[in-house]
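Visitor: Okay, sequence plus prediction incoming.
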Amino acid sequence: MAVPVVTAPPRQALPDRRRRTRLWSVLAAPGIAWLAAFFLFPLYVVLCIVFGQIDPLFRTPIPVWNPLQWDPTQFTYVLTHIVGENGVYGQAILRTFIYVMVASALCLLIAFPVSYYVARLSGKRRGLLLALLIAPFWISYMMRMFAWVNLLQDDGLFNKMLSLGGLFTPDVKWLTGQPVVVILGLVYGYVPYMILPLYAGLDRLSTPMLEASRDLGADRLSSFRRVTLPLCRPTIVAALLLTCLPMLGDYFTNDMLSASPKTTMVGNLINDGVQAPGQTGQAGAFVMLVFLIALLPMLYYLRSVTRGSEVAS
Amino acid sequence: MPVPNGPHGHGPTRRQFLTRAAILAASAPTLGAFLAACSKPGQSSGTPTMTLASPDHPVKWDIADDNKPIADGLAPEKGATLKIYNYADYLSPQAMKSFEDKYGIKIEVSTFNDGDEAITKLRSGVDFDIYNANYTEISRLVGGKLVRPLNHSYIPDIKNVWPSFTNPWYDQEWRYSVPYTIYTTGIGWRTDQVPADIGALKNPYESLWDPQYKGKTAVIDDFHTAMAMVLLKQGITDINTSSQADLKMVGEQLQALVKATSPKVTITMYNDLPAGQMGLAQMWSGDIINAQSYLPEGTGPEILRYWFPADGKGMVDNDMLVTLRGGKNPVLAHLFINHMLNPDVAKENFSAIGYQPPQNTITPDSLVAEEFIPENLRSAIVKPEYFDTGYRLLELDAANETAWRNVWQAFNAGGS
Amino acid sequence: MRGPVSWWNNPWRPPRFLIAITIGYLLWSLLPVLIAVLYSFNSGRSRTTWQGFSTRWYWGDQTLSVWHNDALHTALLQTLKLGLIATLITVPLGTLFAIGIDRWRGRLPNGANFLMLLSFVLPEVLLAVALLFVITTVAVPVQLGTTAQVVGLVTFQVSYPAVLVRARLATIGPQYEEAAMDLGASPLAALRRIIVPMLLPAIFASTVLVFADVIDDFVLVRYLSGDASTEPVSVKIYNTARAAPTPALNALATLLLFAALAAVVIGFLVYRRMTRGDNTADRGLGGFTGEA
C-alpha cells in the first residue's frame, strides 16, 4: 500500500476551499455511511450482546441497548477463566499467539528472500514470476487447504513419500492434533499475503544506495544487514501486520487440518460459542478481545506511518 | 486538555467541545430507546420454565390457537421446492428422487453440523419445511413455536412403525413428530489398527483412555453424548445428572483423555474410520453400518467391529422428523414424511445411510436372516428391548445445561 | 580457469541461493493445487490413488458430477452471483470514498480512513459474527441469505479499491487538476473529466481483484448464509471435505480456479490496453495489483 504524499496546502481563497470541502464530503459520504452502518454499528451490537442478558428458555442472547443497563457477568466470566485455577481459555489464547508468531516468522523467512529475488534480481523473468506468485490469491483458500488434506491423509502422497515406497509405514496421523501441521497450514495459507507488500516495498528501494554500499567495500551479507534491512523496516512491519492480524481469527485451518482440542485457537472458541445456547455472549467477549488485540498494533502502525510521511522517503 | 483555538486549529474549541458533549448526553437515552424499539420481536420467550419430558414424565404438547394443523384433503403444492434441513449424508438420494418423480417437485437439502446451529437458523426465519430433530430440542421447538402440529390424515403409514412410537413419552399422541431412525451409541473399531477385542474387555469405554491407542481415537462432537459416555465409564447411570461432583469428575476425565490418547472430536466417523484416520472411536450404530460403503477398494468390511452392552444398558436414542411452521409447503411436507414411513423406502434409506428405522417389518431376526447386516456387525442392530433398559439423553434444564456446556467448552479449549 | 571453487566464488554469479528458495517456494505453493486439479480427472472415487483419466466428475457421472448435481450447480451460481453483485457495489463505493477522503482534510476523514484500514486487517470472523448478531437480534429488513452476504462482503472488501485508488491518486499528484481549474473548470468537472479517466486503470484493477477475492471468501458467507441455495463453493468444499468428499469437489474447485484465472487474465490485458499511452502508470503486474 502506498503511503499518501502530503500535498502543499491549496493557495485558493477561503470560499473555494469550503466549497470543495463540501464536494469531497459528499463524495465520501456514502462510503462513510456504509462503514458506520455495517462496521461500527455491528461492533456496538457485539458490545450490547456481551453485556446483555440471556433468554431463560432458549438461552439465546438478548442485547441490552442502553449502556447504563449493561451487565458485565458474561465478560467477567471470560476474563476470570483465562488464567488462574479456572483458567480454561488461557491455553487456547496462548496457543493462538504462539502459532501466529511462529507462522508469521516462518512466513517472513520464506517471503522475504522470494520477494527480494523477484523484485530486484529476476530481470527478464519478473513478470512471469510475479504472476506465479500472485496465482495462489485466486485459487480458493479452501481448495488449497483441501489439497493438503488430501496429501496428508493416511493413504495420501505425503505418507507414501515418507514410507519411501513401502519400506516402512509411518505411524503418525497427520490430520489429528498435530500443531506442526496447523502451523504449516497457516504458513501455507498466508504467505501469499505477505509476498505482495514485501515485493512492493522492496521494489521501491533505491538501487544507487545499495550499490553505493557495495562500492564502499561491504560484502553482500554485510551490505544486506546494515543497509538493505534497515531501509525495508517499514515494509516488513506493514507486511507482518497484514499477515499477522487476519491470522488471529483463523479457525477453519484448524478445523480442516486437525479436529482436535489440542490445537484449538481463539477463532475456534469464537466459532464454537457463537451458536451454542448460553455461550453467545462469551463468544462475543472473545470477539472483543481479539478486536482490542488487533487494534493496538494498527494504531501504532498508523502513528508511525503518519509520522514517517512527514519526512519524505 | 489545552487546545489551540480558532477554526483552523487542531482541536475543538471549548464551546464546540461542550456543545458536542451536551448533544451526546441528551441523545444517549433516546438512542437507547430507539434501538430498543428496533430489537427483533420475539427475542425473549416470556415463559421462564420449560417442560422437560422424560420416560417417567411423558408430555403431551399443547396445540396453540395460532398454530393449528393444516386442513384435511388439501392438494400437494405444485412445482414447489421442498426444503429439508438435515445432517449431511442422512437421507437417501434415491428416496428423495422417487418422491420428486412422484409429485413432480424438487427437493433441496440444507445441512447442519449440530442442533444448536440448526435452531439458530430456524429462529432467524429461514423457511425450511422439514427438520430432523432430536427430542433434546423438542421443548424449545414447541415452546418457540417453530414446529407445526401434524395432521394425521396425511400420514397413514404410521401404522408401519413400532407401536410405542405412536405415543412416545416425548410427544404423546405424536402431535408434532414421527420417528425417523433409532440408534445406539457404543464403540466402533477396525481390527487392522486395533487388534484387541474391545467388546471383551471388562470396561470397553476404558479403551479410549488407553495410551497404546494414542492418536487413533475419536469421540463424538456433542457435549451430551461424549460426557454421558464418561459417566457410563465410571458406572454412573444417570446420564442427565445435575450433580456438581459428577460434572467435575467428567471434566477431569476428559482432561485425562486428551493427555492419554488425544482424540479427534467429530461426527464424521462413518467416513474417517474406514479412511483409516482413526482406529477406535465412540460411534453411533448407524455410522458403523454406513462405514461399510466408505471403505476404500481393497479393504473388506470384515475389519469393522462394534460393541454395545448386550443387556441394553447403554445409550439408546431416536431421531425424528418434524414439519416447520415457517415452511411454505406443508402438504408436501406431510406427504414426504409419509413417504419415508413406507417400508420399502425405509429399507432403502437404511441401506443408504446405515441407520435403522423403527419399522415393524425390520426386526433383528429378519436382518440376520436376510444377511442385510454382516456377522461382524450384528451388535449394531437395535433391538426393541434396548428401549426398555437403555439410558436416554434427555433435554436438560437451563442451569444444568450451562454447567454441562462449560465443562465441554473447557475440554474443547484443550486447556488446563 | 573454471574450476568448481571459482564457480562458487564468482562475484558476478547469479544469486543461486535465492533462486533455489524461490523455485522451492513456487513448487511448494502450487504443487498441491496442481495435484488436486489432477485428481479431479480421476476415474475412481479416490482423491489419493490415481485410477485412470476420466471426466466423469465434470459431466460424466449421472448423479455426482458437477454438471448433474444440483447442489454443486447452485453453489457455483451463488458464487458467481455474489462475486458480481458485491463487486458492482464495492468498487464505486470504495472509489468515491477514496477520492473524497484523499482531498478532505479534518478529523472525520482521518477517522474514516482509519476505520477503512481497520476493516482491511481485522480478522474476518469478527465482522462475520458482528453482522450475524445484527441480523438475528435487530429488526433490520435483511434476512440471512444473499443480501446479508453481499452486505458483509462489501464491508469487508471496500478498503481494497479505496487503498488502490488512493495510491494512484498519490502518484498522479494535484497538478493536472489544478491546471484544469486554472483553465476555468469547476472542481467537479475537473474530477469527472481529468481525474476519473486517469484513475480508470486502478479502478479496473481493483474490480478484478475484488471479484477474485469475493468468489474465494469463506468466513463471511458461511455465517451469513440462509439455506443451502445460498451456500457458495467455498462453503460446500468446507462442509463436504469434513464428511465424505468425492473428486467432484476437486472438479468444482478447478472450475472456480479457471473462472478466477480467466477474470484476472482478461483484466490484466485490458489494463495494459488502457495504460497504453500513460507514462505515470506502472504497466506491469505490480501496477495492476496496486503494489507500485
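Guide: Alright, I've got the coordinates.
Visitor: which ones are touching residue B:291?
Guide: Residues counted as contacts of residue B:291 (Cβ atoms under 8 Å, 6 or more residues apart in numbering or on different chains) are B:188, B:269, B:270, B:271, B:273, B:274, B:304, B:354. Every C-beta, even on glycine, is put in place using the N, C-alpha and C of the backbone.
Visitor: That should have said residue A:44, apologies.
Guide: Counting by Cβ under 8 Å, 6+ apart, residue A:44 touches no other residue.
Visitor: what do you get for the one 3 residues further on?
Guide: The contact partners of residue A:47, taken as Cβ under 8 Å, 6+ apart, are A:70, A:284, A:288.
Visitor: Serialize those to TSV and add fields for secondary structure, distance to chain B and pLDDT.
Guide: Output for the contacts of residue A:47, formatted as TSV (DSSP: H, G, I helix; E, B strand; the rest coil; distance: Cβ to the nearest Cβ, whole Å; pLDDT from 0 to 100):
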residue	secondary structure	distance to chain B	pLDDT
A:70	coil	11	86
A:284	helix	14	90
A:288	helix	17	90
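Visitor: which of those has the most neighbours?
Guide: Sorting those by how many neighbours each has (other Cβ atoms under 10 Å in any protein chain shown) puts residue A:284 first, at 29 neighbours.
Visitor: if I look at the residue of the stretch 1-150 of chain C found nearest chain A, how far off is residue B:232?
Guide: Going by Cβ to the nearest Cβ, chain A is nearest to residue C:123 of the stretch 1-150 of chain C, at 2.2 Å. Using Cβ to Cβ, to the nearest Å, residue C:123 is found at 40 Å from residue B:232.
Visitor: Same drill for these two, tell me which one is more crowded.
Guide: With neighbours defined as other Cβ under 10 Å, residue C:123 and residue B:232 compare such that residue C:123 has more, 24 against 19.
Visitor: Now the more buried one: phi and psi?
Guide: For residue C:123, the backbone dihedrals are phi -60, psi 140 (criterion: degrees, to the nearest 10).
Visitor: out of the contacts of residue A:47, which touch chain C?
Guide: Contacts with chain C within these, as defined by Cβ under 8 Å from any Cβ of the partner chain: residue A:284.
Visitor: what's the closest of the contacts of residue A:47 to residue B:22?
Guide: Residue B:22 has its nearest neighbour among the contacts of residue A:47 in residue A:70, at 22.8 Å by Cβ to Cβ.
Visitor: Chain neighbours aside, what residue packs nearest to that closest one?
Guide: Excluding the flanking residues, the one nearest residue A:70 by Cβ to Cβ, 6 or more residues apart in numbering or on different chains is residue A:51, at 3.6 Å.
Visitor: And chain C, split by domain according to the record?
Guide: With domains defined by automatic domain parsing, chain C comprises C:15-54, C:70-288.
Visitor: For the first one, measure first residue to last.
Guide: Put plainly, it is domain C:15-54. End-to-end distance for domain C:15-54: 43 Å, by Cα to Cα, to the nearest Å.
Visitor: same thing with stretch B:387-399?
Guide: Across stretch B:387-399, first to last residue, Cα to Cα, it's 28 Å.
Visitor: Buried residues in it, which are they?
Guide: Neighbour-count burial for stretch B:387-399 flags B:387, B:390, B:391, B:392, B:393, B:394, B:395, B:396, B:398 (criterion: 16 or more other Cβ atoms under 10 Å in any protein chain shown).
Visitor: Tell me if that stretch is near chain A.
Guide: Yes. Against chain A, stretch B:387-399 shows contacts by Cβ under 8 Å from any Cβ at residue B:398.
Visitor: Residue A:100 contacts residue A:248, doesn't it?
Guide: Yes. Here residue A:100 reaches residue A:248: they are 5.9 Å apart, a contact under Cβ atoms under 8 Å.
Visitor: near chain B, which residues of chain C show up?
Guide: Contact residues (Cβ under 8 Å from any Cβ) of chain C with chain B: C:44, C:46, C:49, C:63, C:70-71, C:135-140, C:143-145, C:226-229, C:231, C:239-240, C:242-244.
Visitor: for the residue of the stretch 251-400 of chain B found nearest chain C, helix, strand, or coil?
Guide: When scored by Cβ to the nearest Cβ, the stretch 251-400 of chain B has residue B:271 as its residue closest to chain C, at 4.4 Å. At residue B:271 the chain is in helix, as set by DSSP: H, G, I helix; E, B strand; the rest coil.
Visitor: my guess is it contacts residue B:293, does it?
Guide: No. Using Cβ under 8 Å, residue B:271 is not in contact with residue B:293, being 9.9 Å away.
Visitor: and those two? which has more neighbours close in?
Guide: A side-by-side neighbour count of residue B:271 and residue B:293, using other Cβ under 10 Å, places residue B:271 first with 21 against 15.
Visitor: per-residue pLDDT, the more buried one?
Guide: Model confidence at residue B:271, given as pLDDT, is 85.
Visitor: show me what contacts residue B:286?
Guide: Taking Cβ under 8 Å, 6+ apart as the test, what residue B:286 contacts is B:181, B:183, B:270, B:353, B:354, B:355, B:356, B:380.
Visitor: Over to residue C:260?
Guide: A:138, A:139, C:211, C:212, C:215, C:216.
Visitor: Now restrict the residues you listed to buried residues only.
Guide: Buried residues within the contacts of residue C:260, counting neighbours by 16+ other Cβ under 10 Å: A:138, A:139, C:211, C:212, C:215, C:216.
Visitor: Now do residue B:396 against chain A, distance only.
Guide: Residue B:396 is 11 Å from chain A, where distance means Cβ to the nearest Cβ, to the nearest Å.
Visitor: That residue contacts residue B:240, correct?
Guide: Yes. Counting by Cβ under 8 Å, residue B:396 touches residue B:240, with 6.0 Å between them.
Visitor: where exactly do the helices run in chain C?
Guide: For chain C, the helices defined by DSSP state H occupy C:4-9, C:16-39, C:70-103, C:107-121, C:124-137, C:146-157, C:159-172, C:175-182, C:187-190, C:196-214, C:219-223, C:233-241, C:247-274, C:285-288.
Visitor: that older thread, just put the buried residues of stretch B:387-399 in a markdown table and tack on distance to residue B:141.
Guide: Formatted as a markdown table, the buried residues of stretch B:387-399 follow (distance: Cβ to Cβ, whole Å):
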| residue | distance to residue B:141 |
| --- | --- |
| B:387 | 22 |
| B:390 | 23 |
| B:391 | 23 |
| B:392 | 17 |
| B:393 | 16 |
| B:394 | 15 |
| B:395 | 10 |
| B:396 | 15 |
| B:398 | 16 |
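Visitor: any idea which of the residues you listed is closest to chain A?
Guide: For the buried residues of stretch B:387-399, the closest approach to chain A (Cβ to the nearest Cβ) belongs to residue B:398, at 5.9 Å.
Visitor: Mind pulling the model confidence for residue 241?
Guide: No chain specified, so I'll use chain A. pLDDT for residue A:241: 85.
Visitor: ah, I was thinking of chain C
Guide: 73.
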